[in-house]
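A.B. asks: Need coordinates for the following:
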Amino acid sequence: TLLTLNLQANKVGDEGTKYLANGLRNNTTLQKLDLRENTIGSLGAQYLADALRENTVLITLILRDNTISDAGLEHLANALNTNKVTMQFLINFQNLPFILYIDA
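C.D. replies: Here you go, the predicted model:
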């Protein structure tokens, strides 16, 4: 059973994130997804946000060192507020890493 998927520095981009997000919608086991350094932008963040609204298994999402704008962060924050699980979300904000815990 796959619990952790590390795709750090794989140039996933927004298009690849679209496919990952589709998989996350039906995910029943994956608890940690590391997407650091993947040139993911706001469109990719929106794809992930849409998937997170349906996913109840993922606990940790790492998005450090991507190119997500404030609009993309807003999509993710709104999705995490509707998600029914406690989630650890890691991302850079103005080059300062922070961790956001959302307890549903």
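
A.B. asks: Helix or strand for the residue nearest to the spatial centre of the chain, just tell me which one.
C.D. replies: By CA atoms, centre = their mean, the chain has its centre lying nearest to L61, at 4.6 Å. Using DSSP states H and E, the element containing L61 is strand 60-62.

A.B. asks: other SSEs contacting that strand?
C.D. replies: Using 3 or more CB pairs under 8 Å, 6 or more residues apart in numbering; DSSP states H and E, the elements in contact with strand 60-62 are strand 32-34, strand 87-93. (Glycine included, C-beta is placed from N, CA and C.)

A.B. asks: Lowest average confidence across the ones you listed, which one?
C.D. replies: Looking at the helices and strands packed on strand 60-62, the lowest mean pLDDT belongs to strand 87-93 (a mean of 65).

A.B. asks: Confidence-wise, which helix or strand of the protein is lowest on average?
C.D. replies: Lowest on mean pLDDT, DSSP states H and E among the helices and strands of the chain sits strand 96-102, with a mean of 50.

A.B. asks: Quick one: the helices in the protein, in order.
C.D. replies: Secondary structure of the chain, counting by DSSP state H: helices at 13-25, 42-52, 70-82.
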